[in-house]
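>>> give the three-dimensional model of this entry:
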Amino acid sequence: AKRCSCLKTPMLLLSWLATGTGIAPFRSFLWKMFFEKYEDYKFNGLAWLFLGVPTSSSLLYPEEFGKMKAKAPDNFRVDYAISREETNAAGEKMYIQTRMAEYKDELWELLKKDNTYVYMCGLKGMEKGIDEIMIPLASKEGIDWIDYRKQLKKSEQWNVEVY
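Sure, this is the predicted structure:
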């Protein structure tokens, strides 16, 4: 995986989308932001994690994320998507894209900022679901989501490692 160049710039939003063990690459970034001390680095942006798992018993690192939230409530958000235990208002299984759809307008506004970085790691299926959320949001403003996503990738603001 590429080194996260975004950690050089402290005022930004980092949105991490992970399924199961896809959380592994992000954990070290979160530790740097919230637990480690550096003279030349202090994170003062927003890190927002969307973590998807099949059951609540398979949630990884909930105590760590709770400590991060307690330590920096204005700088860390975590939203879980537990597919075999939760559903949305329409009765659909709660996948990452289903959870993200609950915040779609807020996420779209953040994605339009040049200091927002998205990192996605985990199951390939979530990428298509996220596109399905973003296409209508972008089109409301006359933007082609697929082209916009390509621009985000080119500027290293949209990073995807799915399998």
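
>>> what helices or strands is the top helix by length along the chain leaning on?
Counting by DSSP state H, the longest helix found in the chain is helix 125-140. When contacts are defined as 3 or more Cβ pairs under 8 Å, 6 or more residues apart in numbering; DSSP states H and E, helix 125-140 sits against strand 13-19, helix 96-101, helix 104-111, strand 116-122, helix 145-154, strand 158-162. Every residue, glycine included, has its C-beta placed from N, CA and C.

>>> closest one to residue 86 among those?
Closest to residue 86 of these is helix 96-101 (Cβ to Cβ; 8.4 Å).

>>> which outside residues touch the closest one?
Applying Cβ atoms under 8 Å, 6 or more residues apart in numbering, the contact partners of helix 96-101 are 17-19, 50-52, 79-81, 88, 92, 107, 122, 126, 129-130, 132-133.

>>> returning to that earlier point: may I see the helices and strands packed on helix 125-140 organised as TSV, with distance to residue 44, mean pLDDT and mean neighbour count added?
Output for the helices and strands packed on helix 125-140, formatted as TSV (distance: least, Cβ to Cβ, whole Å; pLDDT from 0 to 100; neighbours: other Cβ atoms under 10 Å):
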stretch	distance to residue 44	mean pLDDT	mean neighbour count
strand 13-19	11	79	23
helix 96-101	24	94	22
helix 104-111	16	95	16
strand 116-122	15	91	23
helix 145-154	23	97	14
strand 158-162	22	90	16
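
>>> can I get those in CSV with distance to residue 37?
Shown next, in CSV, are the helices and strands packed on helix 125-140 (distance: least, Cβ to Cβ, whole Å):
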stretch, distance to residue 37
strand 13-19, 19
helix 96-101, 32
helix 104-111, 28
strand 116-122, 23
helix 145-154, 32
strand 158-162, 26
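
>>> of all the ones you listed, which lies closest to residue 70?
Residue 70 sits nearest to strand 13-19 of all the helices and strands packed on helix 125-140, at 18.8 Å, using Cβ to Cβ.

>>> and the gap between the residue in the chain sticking out farthest from the centre and residue 98?
Distance from the centre of the chain peaks at residue 39, with 26.8 Å (Cα atoms, centre = their mean). For residue 39, the distance to residue 98 (Cβ to Cβ, to the nearest Å) stands at 42 Å.
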